[in-house]
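Peer 1: Got a predicted structure here, sequence first:
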Amino acid sequence: MANPNLMNQKQIIDVVKFRWLWLAISAILLIPCIAAIIYLMSTQPNHAPVKLGIDFTGGTILQYAVKNDVTVDDIGKIRDDMTKAGFTTPIVQNINNNTGAGLEEADNGGIKNIISVKTGFIDDKTGETTNKISEIVSSAVESPELVQTTSVGPSLGSELLKNSVVALLLAFLGIVVYISLRFKADYAIITLLSLIHDALFVIGVFAIMSIFSNVYVDALFITAVLTVVGFSVHDTIVVFDRVRENNRFLAKKYTFNEIVNASVNQTLARSLNTSLTTLLTLGALYFFGGSTTKEFIFAMILGIAVGTYSSIFFASVLLAWDKEIRDKKAGRKAAAGA
């Protein structure tokens, strides 16, 4: 039930009054992300907004445990020697083994680094190609031990990419249909814009990381984006539901902007507490969990943080702005009819 003394409650923040500030913050967050996405889509052969891992492109990753220090020159030598040996665009990375994560088959004791070698799909029944790569790695570093091999066929990777895109589109479509039925069509459009805002930020940050840190995304990234979409729409629905309830009973007493502002303040503590507890859990997983899930957890942290921001400062501002525009149009029509 709406509180008839809505304006007597303490207002922590005036989201409508400072709407240009919140929109400016969103622009500052999104412009570099969109620029990075456009750059990758225009420069990559597959036109993807991020660099895709072998889950989507197909390929083979070999991981070697090394007990000695590995230098940048060592990594460069492995890459150059593999290119000379005929391997197409090999990707060689050094993963520091502070936690020992990812070593499922090797003894973690004394291992300082993991050398990750990614190349095209290797259908290596005889082991000849794998042995050739191992020889190249051995020529650059001392006593590397092959601890893990992962292969994904090109057709399987392509199918997974298509299914991931379909899953994202269906999630967005389902949310729009639900919000349209639960609230109104304009609420659904604003919710969709808010979700696009959040998804663009997460994908854009990983696009920037792809450009500057050579980060590749896998199927877990899609899982993270889908989870972020669900979490973000939950926060937005909480705010919209309170706006609708207050507007139903108090529209004659207060302006819509006042109702939106008060509704955001009423749900602010709930939204922040929910997000904070989730972020604390994710933070613990990020710092103390395995390296194989770090990028997934990081995407979740980014998404939940920006989703909380957008539900409070972006979606609510757009809702108030949309009502202002519709009221002005109705006023002009009424004036023209008179």
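Peer 2: Structure's in. What do you need? This structure is a prediction, so every number in the text was calculated from the model and none was measured.
Peer 1: Neighbours of V177, how many?
Peer 2: 11 (other Cβ atoms under 10 Å). For glycine as for every other residue, the C-beta is placed from the backbone atoms N, C-alpha and C.
Peer 1: Run through the residues that contact it.
Peer 2: A188 (Cβ atoms under 8 Å, 6 or more residues apart in numbering).
Peer 1: Which strand or helix spans it?
Peer 2: Element membership of V177, judged by DSSP states H and E, is helix 154-182.
Peer 1: Give the buried residues for that helix.
Peer 2: 157, 160-161, 164, 171-172, 175-176, 179-180 (16 or more other Cβ atoms under 10 Å).
Peer 1: Following the chain onward from it, which element is next?
Peer 2: Taking DSSP H and E, what comes next after helix 154-182 is helix 185-213.
Peer 1: Could you quantify the relative orientation of that following helix and helix 154-182 as an angle?
Peer 2: Here helix 185-213 runs at an angle of 150 degrees relative to helix 154-182 (axes from the mean of the first three to the mean of the last three Cα atoms, to 10 degrees).
Peer 1: And the contacts of stretch 211-221?
Peer 2: By Cβ under 8 Å, 6+ apart, stretch 211-221 touches 36, 39-40, 50-56, 91, 93, 118, 160, 164, 206, 209-210, 293, 295-296, 299.
Peer 1: Among these, name the ones in helices.
Peer 2: Counting by DSSP state H, those place 36, 39-40, 54-56, 160, 164, 206, 209-210, 295-296, 299 in helices.
Peer 1: which stretches of the stretch 51-200 of the chain have low pLDDT?
Peer 2: 96-110, 124-126, 154 (pLDDT under 70).
Peer 1: So which residue is dead centre in this structure?
Peer 2: V202 (3.2 Å; Cα atoms, centre = their mean).
Peer 1: Which helix or which strand is home to the residue nearest to S194 when sequence neighbours are not counted?
Peer 2: Leaving aside its sequence neighbours, S194 sits nearest to A315 (Cβ to Cβ, 6 or more residues apart in numbering; 4.2 Å). For A315, the element it lies in under DSSP H and E is helix 315-337.
Peer 1: what is the orientation angle of that helix with helix 185-213?
Peer 2: 140 degrees.
Peer 1: tell me what helix 315-337 is packed against?
Peer 2: When contacts are defined as 3 or more Cβ pairs under 8 Å, 6 or more residues apart in numbering; DSSP states H and E, helix 315-337 sits against helix 19-43, helix 185-213, helix 219-250, helix 256-288.
Peer 1: Let's have these in CSV, adding distance to K132.
Peer 2: Shown next, in CSV, are those (distance: least, Cβ to Cβ, whole Å):
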stretch, distance to K132
helix 19-43, 30
helix 185-213, 28
helix 219-250, 29
helix 256-288, 37
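Peer 1: which one of these lies closest to N131?
Peer 2: With distances scored as Cβ to Cβ, the stretch of those nearest to N131 is helix 219-250 (29.2 Å).
Peer 1: between that closest one and helix 185-213, how big is the angle?
Peer 2: Using the same axes, to 10 degrees: helix 219-250 against helix 185-213 is 150 degrees.
Peer 1: Buried ones in stretch 219-227, by neighbour count?
Peer 2: 219-222, 224-226.
Peer 1: cool, and stretch 64-76?
Peer 2: Neighbour-count burial for stretch 64-76 [16+ other Cβ under 10 Å]: 64-67, 70, 74-75.
Peer 1: Just the C-alpha atoms of that stretch, please, in CSV.
Peer 2: Taking Å, rounded to 0.1, in the frame of the first residue of the first chain, the C-alpha atoms of stretch 64-76 are listed here in CSV:
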residue,chain,number,x,y,z
TYR,A,64,52.6,-26.4,-19.7
ALA,A,65,53.7,-26.2,-16.0
VAL,A,66,57.1,-24.5,-15.5
LYS,A,67,59.0,-24.3,-12.3
ASN,A,68,61.4,-21.6,-13.4
ASP,A,69,60.8,-17.9,-14.3
VAL,A,70,59.4,-17.2,-17.7
THR,A,71,60.3,-14.0,-19.5
VAL,A,72,58.5,-12.0,-22.2
ASP,A,73,61.4,-13.0,-24.5
ASP,A,74,60.6,-16.7,-23.8
ILE,A,75,57.0,-16.2,-24.8
GLY,A,76,58.0,-14.4,-27.9
